[in-house]
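In: only geometry, no sequence info:
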């Protein structure tokens with residue numbers, strides 16, 4: 001965290017950060033640094049003493065200071081993600097709009113790999129090439145429930161699947177739990193299969209693997225052997241993207257929802273707080289027109 005005078009706003013920030021140790025250590029350190037600098041701006045400009053007194057004018061001033069620094073849109077996007085984290089923790093989530101465009105920040109360029117949509121025929125081939133049933137089940141959870149890699153590994157079907165509702169609590173980005181509702185029979189079939197493998201309160205990681213990291217390394221070796229890797233330009237995460245596009249298309253074409261309403265539901269189910277991220281998923285997957 002940035003070296004700042006031991007004043008009330010900074011002391012409160014240290015307490016908030018200490019009580020909410022989410023994400024990697026590197027992310028925690030960067031979050032502390034960014035928010036400490038924001039606290040200094042608020043203290044020097046407004047004399048703010050308590051985060052409880054944070055208002056929209058304070059948020060606007062911090063964002064304008066970031067814009068003035070002109071370190072690129074992606075830099076501001078990252079800072080805004082940490083600011084959103086803070087306002088959620090202090091119960092003032094509405095102070096920061098859900099879209100960066102409302103703050104005058106247009107999306108910056110993304111340098112991550114463009115997403116793919118996996119056709120059903122190719123997905124069947126991928127499953128057939130993986131010999132481990134637990135890994136196949138993780139793939140099915142990604143494809144039919146939209147779980148990330150870590151979420152699928154740590155998912156506890158006996159505990160987190162209740163009727164037509166699925167809770168995603170472990171392995172989520174930022175440690176934020178979420179839920180989604182089942183909408184087709186195939187999803188229940190996949191969850192039943194997961195429950196048979198991971199009985200009771202267990203997750204899909206078998207007992208002989210003592211840590212998630214050990215299991216992760218094993219799974220990636222198996223996936224690479226099955227031709228699921230960057231080398232083949234088809235990756236585990238593409239299964240989640242395929243689900244998101246399919247879910248959008250269902251809500252729009254079958255349920256008759258407008259695109260914005262459907263996007264809000266899918267973004268929440270996917271664990272994204274900003275609709276721009278969902279738009280990026282769909283656009284990169286070449287499904288913008290199908291999903292819209």
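Out: Sure thing, it's come through. Because the structure is a prediction, the values reported are computed rather than measured. Numbering: from 1, shown residues only.
In: Can you show me the strands along the stretch 1-150 of the chain?
Out: Read by DSSP state E, counting those that start in this stretch, the stretch 1-150 of the chain holds no strands at all.
In: Any regions of the stretch 1-150 of the chain where pLDDT drops low?
Out: Scanning the stretch 1-150 of the chain with the threshold set as pLDDT under 70 gives 1-6, 70-74, 106-115.
In: Go again with 80.
Out: Within the stretch 1-150 of the chain, the stretches with pLDDT under 80 are 1-6, 22-25, 70-74, 98-101, 104-116.
In: Run through the helices of it in chain order.
Out: Taking DSSP state H, counting those that start in this stretch to define them, one finds helices in the stretch 1-150 of the chain at 8-19, 25-46, 56-69, 73-89, 120-128, 133-145, 149-154.
In: Report the angle between the second one and helix 73-89.
Out: For helix 25-46 against helix 73-89, the angle by axes from the mean of the first three to the mean of the last three CA atoms, to 10 degrees is 80 degrees.
In: So which elements touch helix 25-46?
Out: In this structure, helix 25-46 makes packing contacts with helix 8-19, helix 56-69, helix 73-89, judged by 3 or more CB pairs under 8 Å, 6 or more residues apart in numbering; DSSP states H and E. (C-beta placed from N, C-alpha, C; glycine too.)
In: Quick check: which of those has the most neighbours on average?
Out: The highest average neighbour count among these, using mean count of other CB atoms under 10 Å, belongs to helix 73-89 at a mean of 18.
In: could I get the helices and strands packed on helix 25-46 as a markdown table with distance to residue 25?
Out: Output for the helices and strands packed on helix 25-46, formatted as a markdown table (distance: least, CB to CB, whole Å):
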| stretch | distance to residue 25 |
| --- | --- |
| helix 8-19 | 12 |
| helix 56-69 | 24 |
| helix 73-89 | 15 |
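In: picking up where we left off before, can you check which of the helices of the stretch 1-150 of the chain gets nearest to residue 180?
Out: Nearest to residue 180 among the helices of the stretch 1-150 of the chain is helix 133-145 (7.2 Å), distances taken as CB to CB.
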